[in-house]
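# Return atomic coordinates for the entry below.
(one chain, ligands or ions: 1)
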Amino acid sequence: MAFTNPTTTNKFKAAAIALALFASSFTACKSSMEEDLAPEQSADQTETVVSANDLDPTSEKGSYHLKGHTLKKAFSFPIGAAVVYERLKNEPYASTLKKEFSRLSSESNFKFHMLQPKEGVFTFAKADSIVAFAQQNNMQVHGHTLIWALDGVTPKWVLEHKGGAKEFEAIMKNHIYTVMKHFKGKVTSWDVVNEALTPGGGYVDNIWLRKMGEGYLLKAFQFASEADPSAKLFANDYSQEYGGKKLSKYLRIADEAKAKGIRFDGLGFQMHTVLRVDANMIQQSFVRTAAKGLLVHISEMDVALRYQKPKTFDLTDSLSRAQGKKYKEIVYAYINGVPKHLQWGITTWGVGDKDSYFNRGYAESNHDYPLLFSKDYKAKWAYRGFIEAGLGR
Ligand code: 9MR
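Below is the predicted model of the structure:
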């Protein structure tokens with residue numbers, strides 16, 4: 001299927017690289033926002049020093065699990081991982097999920113093309129298995145995503161559908177109603193729209209925009225709140241964590257939703273990020289979002305390393321520690337920038353490095369190492385930095 005072939009994957013990777021470079025350009029424009037930072041953001045706080053006594057004695061060498069601690073116990077909000085249905089039977093993938101995480105997203109199985117590949121034909125089996133796995137293990141499920149504002153990931157039957165605004169509104173309503181009602185009570189939150197805005201704050205060109213105009217976005221939220229009044233509804237996107245025009249536009253859209261009586265509960269910050277990103281700036285974006293009373297979800301977090309390195313490189317100890325430090329800074333930015341009642345949680349986009357979408361279709365020698373667990377599911381410095389923020393260290 002077009003969505004999983006290597007060419008498409010490479011396109012995503014290219015987009016991610018462009019995005020990371022775009023992100024890094026923001027680090028140049030640090031501003032007075034730093035004055036507002038909580039004292040916990042000091043450099044000392046983000047030093048990670050592993051003492052052998054602290055480490056879980058059952059961990060293998062080079063693994064930074066902490067004695068008596070797991071991610072899900074260390075935080076007052078859910079810690080999620082994006083999963084791929086086909087891997088749920090793999091070990092230690094499954095046991096790592098069960099031990100450490102309290103929420104699941106799915107990399108692909110809840111997307112439009114997966115759930116309704118043909119008009120009116122809904123295929124829920126894989127998504128249902130993910131929900132069942134979550135329920136058996138006391139985890140929440142976050143639904144990603146009802147509408148992805150990109151033609152490249154929209155099913156052909158939608159793109160080729162004849163008809164105007166009315167017909168497309170009916171297609172949107174039927175999809176959102178059918179999917180959300182199917183998962184009612186089992187999926188607690190949804191990305192209603194994904195990647196709807198350009199970094200400059202405009203609407204991304206896509207079939208829904210062309211057929212229904214800009215109002216398609218809040219229409220989707222309206223249908224979602226009707227379909228499941230108890231689910232929390234998010235707009236999910238990349239790069240608004242850097243506080244540019246995209247964030248401002250989402251905050252205006254949230255105001256507009258409020259004025260129109262349409263429920264719009266929060267923003268998902270994907271946070272596919274890189275080492276040189278400034279966590280202070282990210283914190284400021286969280287503060288601005290929370291000031292509107294919106295929930296804040298870090299929805300797809302990973303910290304890629306390749307941009308600082310040649311194509312092929314080893315994960316050296318110093319690089320690994322730097323990554324741990326960056327994870328810690330960003331998790332602290334979340335804890336300090338978002339009041340408790342608006343902390344919807346933090347989700348990483350995969351479990352072990354081998355699972356990362358970055359690495360799909362690439363030889364192992366050319367892999368990145370963006371996640372909390374190594375390819376053999378040992379806890380990395382990234383894990384250590386992440387969990388230490390939860391433990392207030
Ligand atoms: O990680 C996902 C990959 O497995 C899929 O092939 C791809 C297309 O469905 O989507 C990837 O996930 C993306 C997410 O849905 C939205 N934000 C960017 C993610 C990485 O491309």
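# What does the pLDDT read for the residue in the chain that the ligand sits nearest to?
With Cβ to the nearest ligand atom as the measure, Tyr357 is the residue of the chain nearest to the ligand, at 3.3 Å. Any C-beta I mention is one placed from the backbone N, CA and C, and that applies to glycine too. On pLDDT, Tyr357 comes in at 93.
# Kindly provide the distance from the closest residue to Lys232 other than its chain neighbours to Leu294.
The shortest distance from Lys232 to any non-neighbouring residue, by Cβ to Cβ, 6 or more residues apart in numbering, is to Ser189 (4.0 Å). As judged by Cβ to Cβ, to the nearest Å, Ser189 and Leu294 stand 13 Å apart.
# pretty sure Gly350 contacts Ala82?
Yes. The pair Gly350 / Ala82 is scored as a contact, 5.9 Å apart, by Cβ atoms under 8 Å.
# can you list the residues of the stretch 251-393 of the chain near the ligand?
Near the ligand, the residues belonging to the stretch 251-393 of the chain are Gln270, Glu300, Tyr357 when assessed by Cβ under 6 Å from any ligand atom.
# So which elements touch the strand or helix carrying Ala257?
Per DSSP states H and E, Ala257 falls inside helix 245-260. On a contact count with 3 or more Cβ pairs under 8 Å, 6 or more residues apart in numbering; DSSP states H and E, helix 245-260 meets helix 216-227, strand 232-237, helix 279-291.
# So, low pLDDT: which residues of the stretch 51-200 of the chain?
Scanning the stretch 51-200 of the chain with the threshold set as pLDDT under 70 gives 51-61.
# cool, and the stretch 251-393 of the chain?
307-310.
# just the strands in it please.
Taking DSSP state E, counting those that start in this stretch as the criterion, the stretch 251-393 of the chain carries its strands at 266-269, 272-274, 295-304, 343-348.
# And the stretch 101-250 of the chain, by the same measure?
Counting by DSSP E, counting those that start in this stretch, one finds strands in the stretch 101-250 of the chain at the ranges 103-106, 140-148, 189-194, 232-237.
# Direction included, what does the shortest one pair against?
In other words, strand 103-106. strand 79-83 (parallel), strand 140-148 (parallel) (DSSP bridges).
# Only C-alpha atoms, please: export that strand in PDB.
Taking C-alpha atoms only, strand 103-106 is exported to PDB below (Å, rounded to 0.1, in the frame of the first residue of the first chain):
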ATOM      1  CA  ARG A 103      -1.200   5.200  27.300                       C
ATOM      2  CA  LEU A 104      -1.000   4.000  23.700                       C
ATOM      3  CA  SER A 105      -1.300   5.900  20.400                       C
ATOM      4  CA  SER A 106      -1.000   4.100  17.100                       C
END
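# which residues are in contact with both of Gly350 and Ala82?
Contact criterion Cβ atoms under 8 Å, 6 or more residues apart in numbering; residues shared by Gly350 and Ala82: Glu107.
# and the residue nearest to Lys232, what does it touch?
Contacts of Ser189 by Cβ under 8 Å, 6+ apart are Gln140, His142, Gly143, Ala231, Lys232, Leu233, Phe234, Asp265, His297, Trp344.
# which of these has the most neighbours?
Neighbour counts for the contacts of Ser189, by other Cβ atoms under 10 Å, peak at His297, which reaches 32 neighbours.
# Surely that one and Ala235 touch.
No. Using Cβ under 8 Å, His297 makes no contact with Ala235, being 10.3 Å away.
# Now list whatever residues contact both of those two.
Gly266, Leu267, Gly268.
# circling back: shouldn't the residue of the chain closest to the ligand be in contact with His367?
No. Tyr357 is beyond contact range of His367, at 11.7 Å (criterion: Cβ under 8 Å).
# can you list the helices and strands packed on helix 245-260 in CSV and add distance to Pro78?
Shown next, in CSV, are the helices and strands packed on helix 245-260 (distance: least, Cβ to Cβ, whole Å):
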stretch, distance to Pro78
helix 216-227, 20
strand 232-237, 12
helix 279-291, 17
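# Comparing those, which stretch has the densest surroundings?
Looking across these with neighbours counted as mean count of other Cβ atoms under 10 Å, the highest average goes to strand 232-237: a mean of 26.
# what angle do it and helix 216-227 make?
160 degrees (axes from the mean of the first three to the mean of the last three Cα atoms, to 10 degrees).
# Asp128: how many residues sit nearby?
With other Cβ under 10 Å as criterion, Asp128 counts 15.
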